[in-house]
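[1] coords please:
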Amino acid sequence: MGNTIGCICIDQASIGIVEKWGRFQRLAEPGFHLINPLAGEWIAGILSTRLSYLDVRVETKTKDNVFVQLLCSIQYRIVRQNADDAFYELQNPQEQIQAYVFDVVRAHVPRMTLDDLFEQKGDVGKAVLEELEKVMGAYGYNIEQILMVDIIPDPSVRKAMNEINAAQRLQLASVYKGEAEKVLQVKKAEGEAEAKFLGGVGVARQRQAITEGLRENVLDFSHGVPGTSAKDVMDLIMITQYFDTIRDLGNSSKNTTVFIPHGPGHVRDISDQIRNGLMEAASSSLENAN
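    Reported below is the predicted structural model:
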């Protein structure tokens, strides 16, 4: 662009290109400058030295045939000392940078799987940075940084990846749930076994106490009433216990109708069973003592 005034002010974040009779003469640093239009001087252009951003979206394919879009953010600026190269060599630096980003990304990504791309996206950014620094440096541009902002697979691929992850987590949860149920079953079985064991011990002690009590009662009654045998005493106790049982059944409010055998023969059978139990308990006690 031309300038016909005799003075110009360049701001701090810019640099001017001064030409004389159509040829580059010098760079105009920030500040006040006198321009002599009569001598053929003019300001051909003013370039900004601020940090610039360029977002580039690249679509490519991975090694496992998954189409992805990569969003790259390029930060670059003009090198102040080489501003004339940036002004004269490139007409559209953004398109040039974008073309090189496309070339480098599409050369590296097809050699990587989708998982590798997510894990090594920094390596892709580093490769793009090295290539751009080498190429754009010759045109007066400095590439400050390249950020791989996002990796966007095809929506169907993203859905499949989420389903795979969800299935793996469900499988792991099932394993933990199975282990927990196994522990509960084992502990429950151990508790039931211990309860049955203690119940058996209690029943054995109860029967032993009953046997000892009946034996003492029989002996005391035989000594206190002359002419009675142990069998007579035992029959008397059994009849008494029999009628006490019938009374308890009748007084219980939870029972409605109960059918029980009744008669002297049944009482004799009960007494014979208890007598046999006493004899077996006494025999067991002698064996344990020996």
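
[2] Which secondary structure state is assigned to residue 149?
    At residue 149 the chain is in strand, as set by DSSP: H, G, I helix; E, B strand; the rest coil.

[3] Isn't it up against residue 69?
    No - between residue 149 and residue 69 there is no contact under CB atoms under 8 Å: 10.9 Å. C-beta here means a position set from N, CA and C on the backbone, and glycine is covered the same way.

[4] Quick one: the strands in the stretch 1-150 of the chain, in order.
    Secondary structure of the stretch 1-150 of the chain by DSSP state E, counting those that start in this stretch: the strands cover 7-10, 14-20, 23-28, 31-34, 41-48, 52-61, 67-78, 141-153.

[5] These: which one's closest to residue 106?
    strand 52-61 (4.8 Å; CB to CB).

[6] Determine how far the closest one lies from the middle of the whole chain.
    Taking CA atoms, centre = their mean, to the nearest Å, one finds the center of strand 52-61 at 33 Å from the center of the full chain.

[7] Please work out the average pLDDT along it.
    The average pLDDT within strand 52-61 is 88.

[8] Against which helices or strands is it packed?
    The contact analysis (3 or more CB pairs under 8 Å, 6 or more residues apart in numbering; DSSP states H and E) places strand 52-61 against strand 67-78, helix 93-108.

[9] For residue 164, which of these is the nearest?
    strand 67-78 (16.8 Å).

[10] helices or strands next to the closest one in the packing?
    strand 52-61, helix 93-108, helix 121-136, strand 141-153.

[11] closest one to residue 79 among the ones you listed?
    For those, proximity to residue 79 was assessed by CB to CB; strand 141-153 is nearest, at 5.1 Å.

[12] ok, then the element right after that closest one?
    Remark: after strand 141-153, the chain's next helix or strand is helix 155-224, criterion DSSP states H and E.

[13] That following helix packs against which elements?
    For helix 155-224, the elements it packs on are helix 230-251, helix 264-289, judged by 3+ CB pairs under 8 Å, 6+ apart.

[14] any idea which of those helices scores lowest on pLDDT?
    Minimum mean pLDDT among the helices and strands packed on helix 155-224: helix 264-289, a mean of 61.

[15] Endpoint to endpoint, stretch 13-30 covers what distance?
    7 Å (CA to CA, to the nearest Å).

[16] How confident was the prediction at the most centrally placed residue in the chain?
    The centroid of the chain falls nearest to residue 169 when counting by CA atoms, centre = their mean (7.0 Å). For residue 169, the model assigns a pLDDT of 71.
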